[in-house]
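In: Provided below are the primary sequence and the corresponding predicted coordinates.
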Amino acid sequence: MRKILMGFCLLLPFFLRAQAPAPLLPIPTQQQLDWHEKEFYLFIHFGPNTFTNKEWGEGNEDPALFNPTDLDCDQWVRIARQAGAKGIILTAKHHDGFCLWPSQFSRHTVRESKWMDGKGDVVQMLSEACRKAGLDMGVYLSPWDRNHPLYGTDQYNDVYLNTMKELLTQYGNFFELWWDGANGEGPNGKKQEYDFKRFEDSAFRWQPNIIIFSDIGPSIRWCGNERGIIYSTNWNLLDTAGFRRGEGSPAMDTLNRGNVHGKHWMPAEADVSIRPGWFYHPEQDDKVKTPATLFQLYLQSVGNGGNLLLNVPPDRRGRFHAADSAALVGFKNILDRAFQQNLFSTASIKSNQSSTASLRNLLDMKNDTWWMGDGKEPLEITVQLNEPTQLNALVLEEMIAYGQRVQSFAIEARINGAYQTVFSGTTIGRKKIAVFPLVHTNAIRLKITGSKAIPVLRNLSGYHIRELDTMLPK
Ligand code: FUL
């Protein structure tokens, strides 16, 4: 009897824990989940184009031109951290074929340049700077190569793999490998048939945890524009069968929205430059995006469930220009102010579902606790504030480890005793930042009106983002 009792006591916590929901397939891999939590990181376009003032080099530039006078990867990393970025993706090789590391498989690299008498290695320098500062690093390795003599022949696929192997095996782990969709002619006037299958398999063999970006993944997808904008509906799912990278990719709005019943978990990354160009051009020094614009981009990318990849191109010294650094720090200040005070942290919460036991998990702002409805539709959650409060934003999160479920929802605010709809939305996904004109209210109701399966939510928080008072029409 004692034994039975003891056994029961040991098993009790197991019974008391909420049963994990059955996943709604497809679901993200652990690597994709980790990637989702990164939210925001920097892109760095740097190379001969920085010195020739071009966007797309021809591949026949004299490598001697690459000669930054004061290259400082620690400065990139310092500003990236101050801006709240979690990592940096570097153009290790752009379309001109110039390698920012001394690749054995090319004659068009830092080794052939004047910089550091040909002894420098930007990939090495940046990876050390990132490691010291605890930032993750990724690499852009353009398949299109306008310099390599073998481009346009079968052998080029081996060359590409060899260069990739150098990168992925000699510099530690990268969090992301970036494949742009551009594919033009090489020096012999021919286009290349890329062996992407082999590229993918090899990349995962050398770095099993790497996230591979391209129009259609395999790990994450392009959001379909280079303006950094994900529109409101964003499924982390995509059908890729029959599609290619670049020409032959899914339609731009499909890339933006995803496919509601898509076969693969394939979340969207939104890439955009802080300046009009991807590379540094002195004449664009006065065209750097303002902190307020960067904040809007954050709301439209991260706030619609994707990640933001913001390009900041170093200048000819090899440092971020003061205007870019100032904009980044200004952006971070807005971001910190915006989400500093969660107005729901001391609120009470109830719902029309029977499963109320772990409802407070929604307010704990933890990433590993969640709450699930019981299937009654529409699902309603009411957050009762301790006193009438002004707010203009809610942050909603689904527990995407169990799949993406919510298809439509509304946010209502109780104003003068009656609920009024202040926001109508579609998908939630990892994060939805729902912003609306300022309301003065003592209760907020979230109504989930459509869902592919019973919603499993992670967190719910409310804010008064003062920056928005002036940005949004009243
Ligand atoms: C595109 C490239 O053609 C642009 O130069 C830039 O690198 C952008 C991020 O990707 O495919």
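Out: Sure thing, it's come through. Numbers count the residues shown, from 1 in each chain.

In: apart from its neighbours in sequence, what residue is nearest Ala133?
Out: Take Ala133 and drop its neighbours on the chain: the residue closest to it by CB to CB, 6 or more residues apart in numbering is Val77, 4.6 Å away. For the C-beta atoms, the positions are set from N, CA and C on the backbone; glycine is no exception.

In: just to check, the one you found is in contact with Gly134?
Out: No. If you go by CB atoms under 8 Å, Val77 and Gly134 don't touch, sitting 9.4 Å apart.

In: neighbour count for the two, which is higher?
Out: Neighbours were counted for Val77 and for Gly134 using other CB atoms under 10 Å; Val77 has more, 24 against 10.

In: Lys132 versus that one, what's the distance?
Out: In this view, Val77 and Lys132 are 8 Å apart by CB to CB, to the nearest Å.

In: same deal with Ser103?
Out: From Ser103 to Lys132 the distance is 24 Å (CB to CB).

In: who has more neighbours out of these two?
Out: Using other CB under 10 Å, the more surrounded residue of Ser103 and Lys132 is Ser103, with 23 against 11.

In: for the stretch 1-150 of the chain, which residues are neighbours of the ligand?
Out: Selection of the stretch 1-150 of the chain residues close to the ligand by CB under 6 Å from any ligand atom yields Glu55, Trp56.

In: list the contacts for the most centrally placed residue in the chain?
Out: With distances taken as CA atoms, centre = their mean, Asn307 lies nearest the centre of the chain, 2.0 Å away. Shown in contact with Asn307 (CB atoms under 8 Å, 6 or more residues apart in numbering): Trp35, His36, Lys38, Glu39, Phe40, Tyr41, Ile220, Pro267, Ala268, Glu269, Ala270, Ser301.

In: quick one: buried ones out of those?
Out: Trp35, His36, Lys38, Glu39, Phe40, Tyr41, Ile220, Pro267, Ala268, Glu269, Ala270, Ser301 (16 or more other CB atoms under 10 Å).

In: pLDDT and secondary structure added to those, as a markdown table?
Out: Shown next, in a markdown table, are the buried ones among the contacts of Asn307 (pLDDT from 0 to 100; DSSP: H, G, I helix; E, B strand; the rest coil):
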| residue | pLDDT | secondary structure |
| --- | --- | --- |
| Trp35 | 98 | helix |
| His36 | 98 | helix |
| Lys38 | 98 | coil |
| Glu39 | 98 | coil |
| Phe40 | 98 | strand |
| Tyr41 | 99 | strand |
| Ile220 | 98 | strand |
| Pro267 | 99 | coil |
| Ala268 | 98 | strand |
| Glu269 | 98 | strand |
| Ala270 | 98 | strand |
| Ser301 | 98 | helix |
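
In: and which of the residues you listed is nearest Trp115?
Out: Here the nearest of those to Trp115, counting by CB to CB, is Tyr41; it sits at 25.6 Å.

In: closest residue of the stretch 51-200 of the chain to the ligand?
Out: Asp180 (3.1 Å; CB to the nearest ligand atom).

In: secondary structure element holding that residue?
Out: Here Asp180, judged by DSSP states H and E, is contained in no helix and no strand.

In: so where do the strands sit in the stretch 251-400 of the chain?
Out: 264-265, 268-273, 307-311, 348-351, 371-372, 379-398 (DSSP state E, counting those that start in this stretch).

In: okay, those strands in TSV with distance to Asp239 next?
Out: Below are these laid out as TSV (distance: least, CB to CB, whole Å):
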stretch	distance to Asp239
strand 264-265	7
strand 268-273	14
strand 307-311	21
strand 348-351	34
strand 371-372	27
strand 379-398	21
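
In: compare those strands and give me the one nearest the ligand.
Out: Closest among these, using CB to the nearest ligand atom: strand 268-273, at 5.5 Å.

In: run through who's touching the closest one.
Out: Applying CB under 8 Å, 6+ apart, the contact partners of strand 268-273 are 43, 45, 213, 220-230, 234, 236, 255-256, 258, 297, 300-301, 305-313.

In: break down the protein into its helices, ranges please.
Out: 2-16, 30-36, 48-52, 73-82, 122-133, 154-170, 196-206, 252-257, 291-301, 322-338, 466-471 (DSSP state H).

In: hey, C-alpha coordinates of the second one in PDB?
Out: Think helix 30-36. C-alpha atoms of helix 30-36 as PDB (Å, rounded to 0.1, in the frame of the first residue of the first chain):
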ATOM      1  CA  GLN A  30      14.100  23.200 -33.000                       C
ATOM      2  CA  GLN A  31      16.400  25.200 -35.300                       C
ATOM      3  CA  GLN A  32      13.500  27.100 -36.800                       C
ATOM      4  CA  LEU A  33      12.100  27.800 -33.300                       C
ATOM      5  CA  ASP A  34      15.500  29.200 -32.300                       C
ATOM      6  CA  TRP A  35      15.500  31.300 -35.400                       C
ATOM      7  CA  HIS A  36      12.100  32.700 -34.700                       C
END
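
In: in it, what's buried?
Out: Gln31, Gln32, Leu33, Trp35, His36.

In: ok, the last one next?
Out: Using 16+ other CB under 10 Å as the test for burial, helix 466-471 gives Glu467, Leu468.

In: list of residues touching that helix?
Out: Ala292, Phe295, Gln296, Ile334, Arg337, Ala338, Asn392, Ala393, Val435, Leu438.

In: can you rerun that using 7 Å?
Out: Around helix 466-471, the neighbours that count as contacts under CB atoms under 7 Å, 6 or more residues apart in numbering are Ala292, Phe295, Ile334, Arg337, Ala338, Asn392, Ala393, Val435, Leu438.
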